[in-house]
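[1] coordinates for the following, if possible.
(2 chains)
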There are 2 protein chains.
Amino acid sequence: VQKYKLILSYDGTNYGGWQVQPNATSIQTLVQNALEIALRTTVALTGAGRTDAGVHAIGQVAHFTTIDMVDCYRLQASLNGLLPLDIRVYSIQPVSIDFHSRYSAISKTYHYRFHLNKVLDPFKRLYTTHIPYKIDLPLLKEASQYFIGTHDFTSFANEAHKGSASKDAIRTLKRLDIVEEKDEVRLEFEADGFLYKMVRNITGTLLEIATHKILIEDIPEIFSAKDRKKAGRTAPPQGLFLVRVHYP
Amino acid sequence: VQKYKLILSYDGTNYGGWQVQPNATSIQTLVQNALEIALRTTVALTGAGRTDAGVHAIGQVAHFTTIDMVDCYRLQASLNGLLPLDIRVYSIQPVSIDFHSRYSAISKTYHYRFHLNKVLDPFKRLYTTHIPYKIDLPLLKEASQYFIGTHDFTSFANEAHKGSASKDAIRTLKRLDIVEEKDEVRLEFEADGFLYKMVRNITGTLLEIATHKILIEDIPEIFSAKDRKKAGRTAPPQGLFLVRVHYP
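    All right, here's what the predicted structure looks like:
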């Protein structure tokens, strides 16, 4: 038995997200089906992060197990031949049998991209959230500091699924950098784990602070309320990228 | 009577090109229809460059004439409200009545983008031509010098339309720069005018030189043959951008 690690990139525009969903094509299903065709056997593919519909990935990681060894380079070529061009396999490598794409990860990096310009750049419409109005960027930067560190992020998490137990919501945000580049502002998040829609909820809250709809002084209160309704709105999916999954 | 100049940007992926075509949505038609709705009158819109299906524009220029003066800022907002997000109006300004988006132009700049990487970056699939193999970049640069200056570009022009007279094919290529940036190589063309598919035919020829299918020594012969069949293949549309139209 041999385990393999895949690194994938995809444009999430045309998909219902990473995970198998009713009524929408999932990226996991497409990659798993391609693997099964290439390997002529049933395969179970497990991804590190469940990206939502419209969310993109530059460095999604997934793993699968086979009975026989596979030629990684040939398999990569086969998968990229079978998959649509908006999903690409960057690498496949053998890993130890105790590797798990999700549970072995020590942290993940997500980027959220804002496009700040009066008129939308049409080439950014699917890969950023367009902000045609003025925002208070120094205030956004100041507010971002409140999120760094270990917190109970309940107020910034959506209910994942009906029936899923509300487990421990304490996460450590190691890094939240605000990077300005031409007509874009990028929020770079690195945490040991992310709750459901946590990046988009923090981003939406920061945006409401930067437009003076939420007061920066109220952030501690929002945290302590442990109530999703106290925080800002969920930022749209198309600005979000799963950039990297970090392993020891 | 007042004339207006529009600067437009569009992602050409979903369109049959700038100009009105049978069986495909043209960008000109969409912008003209939006103008007619916004101004409540019939309008004729004339563009500077007829970009083909799948070709993009960052700085397409067009003009139209109205009897009454219009509020440019309001009209821009109306058009961007009416148009799909992959077509954006960057500016509208009044111009002198003798301005013509095509005939007043002294030159145009087109960029052609190659994406050089073994595996395709899925976010570049619609905006570059992917080259997964090695190319001889110094040779491509050397060959590009043969195209600069005033030449008869007949060998690099497709027949525009059946019945269109083969007019003067002498054009002056003022600039052909090869710019390397990360995993991309960009060919920047500036000329006083371009024949039909000229940028894509020169690009395709340079690519065949860079892969040793056409010899650099044969370029003068290809020019003097005045025969499209002697040059290289037409490079695909999605790497091409109309970047700027220059006026005196």
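
[2] what about the closest residue to A:G232 other than its chain neighbours, distance to chain B?
    In this structure, A:G232 finds its nearest non-sequential neighbour in A:T205, 3.4 Å apart by CB to CB, 6 or more residues apart in numbering or on different chains. Using the backbone N, CA and C atoms, a C-beta is placed for each residue, glycine as well. Plainly put, A:T205 is 25 Å away from chain B if you go by CB to the nearest CB, to the nearest Å.

[3] and what of A:T42?
    With CB to the nearest CB as the criterion, A:T42 and chain B are 26 Å apart.

[4] just the helices in chain A please.
    A:27-39, A:72-82, A:137-144, A:198-210, A:219-225 (DSSP state H).

[5] Throw those into a markdown table and include mean neighbour count, mean pLDDT and distance to B:V95, thanks.
    What follows is these, written out as a markdown table (neighbours: other CB atoms under 10 Å in any protein chain shown; pLDDT from 0 to 100; distance: least, CB to CB, whole Å):
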| stretch | mean neighbour count | mean pLDDT | distance to B:V95 |
| --- | --- | --- | --- |
| helix A:27-39 | 20 | 96 | 48 |
| helix A:72-82 | 16 | 97 | 49 |
| helix A:137-144 | 16 | 98 | 36 |
| helix A:198-210 | 24 | 97 | 38 |
| helix A:219-225 | 15 | 97 | 51 |
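
[6] what about A:P84, neighbour count?
    The burial count assigned to A:P84 is 16, neighbours taken as other CB atoms under 10 Å in any protein chain shown.

[7] could you do A:E159 as well?
    The burial count for A:E159: 12, using other CB under 10 Å.

[8] make sure it is actually in contact with A:N201.
    No - if you go by CB atoms under 8 Å, A:E159 and A:N201 don't touch, sitting 11.9 Å apart.

[9] any residues in contact with both of the two?
    Taking CB atoms under 8 Å, 6 or more residues apart in numbering or on different chains as the contact rule, A:E159 and A:N201 both touch A:R228.

[10] surely A:G232 is in contact with A:K213?
    Yes - using CB under 8 Å, A:G232 makes contact with A:K213 at a distance of 7.4 Å.

[11] the two: which has the busier surroundings?
    More crowded of A:G232 and A:K213, by other CB under 10 Å: A:G232, with 21 against 11.

[12] hmm, who's touching stretch A:61-77?
    A:1-8, A:28, A:31-32, A:35, A:38-39, A:41, A:43-49, A:89, A:91-95, A:97, A:99-101, A:105, A:245, B:119.

[13] now a PyMOL select for only the buried ones of the residues you listed.
    In PyMOL, this line selects whichever of these come out buried by 16 or more other CB atoms under 10 Å in any protein chain shown:
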select buried, (chain A and resi 3+4+5+6+7+8+28+31+32+35+38+39+43+45+47+48+49+89+92+95+101+105+245) or (chain B and resi 119)
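
[14] surely the residue nearest to A:G232 meets A:I214?
    Yes - here A:T205 reaches A:I214: they are 6.3 Å apart, a contact under CB under 8 Å.

[15] intersection of neighbour lists for those two?
    A:222, A:232.

[16] from A:L75, how far off is the spatially most distant residue from the centre of chain A?
    When each C-alpha in chain A is compared with the mean C-alpha position (CA atoms, centre = their mean), A:D68 comes out farthest, at 31.8 Å. Distance, A:D68 to A:L75, by CB to CB, to the nearest Å: 12 Å.

[17] for A:D218, same thing?
    From A:D218 to A:L75 the distance is 52 Å (CB to CB).

[18] what residues does chain A have near chain B?
    A:9-11, A:56, A:76, A:80, A:85-90, A:119-123, A:125, A:127 (CB under 8 Å from any CB of the partner chain).

[19] please, a PyMOL command that selects the buried ones among those?
    Of the residues of chain A next to chain B, the buried ones can be selected in PyMOL as follows, counting by 16+ other CB under 10 Å:
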select buried, chain A and resi 9+10+11+56+76+80+86+87+88+89+90+119+120+121+122+123+125+127
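
[20] low-confidence ranges in chain A?
    Within chain A, the ranges that satisfy pLDDT under 70 run A:160-167.

[21] go again with 80.
    A:20-22, A:160-167 (pLDDT under 80).

[22] just the strands in it please.
    A:2-10, A:46-47, A:56-66, A:87-95, A:107-116, A:129-131, A:149-152, A:170-181, A:184-191, A:240-246 (DSSP state E).

[23] now for the first one, which elements pack on it?
    Same thing as strand A:2-10. Applying 3 or more CB pairs under 8 Å, 6 or more residues apart in numbering or on different chains; DSSP states H and E, one finds that strand A:2-10 contacts helix A:27-39, strand A:56-66, strand A:87-95.

[24] nearest to B:I209, of those?
    strand A:87-95 (28.3 Å; CB to CB).

[25] strand partners (parallel or antiparallel) of that closest one?
    strand A:2-10 (antiparallel) (DSSP bridges).

[26] the partner strand versus helix A:27-39: what angle between them?
    130 degrees (axes from the mean of the first three to the mean of the last three CA atoms, to 10 degrees).
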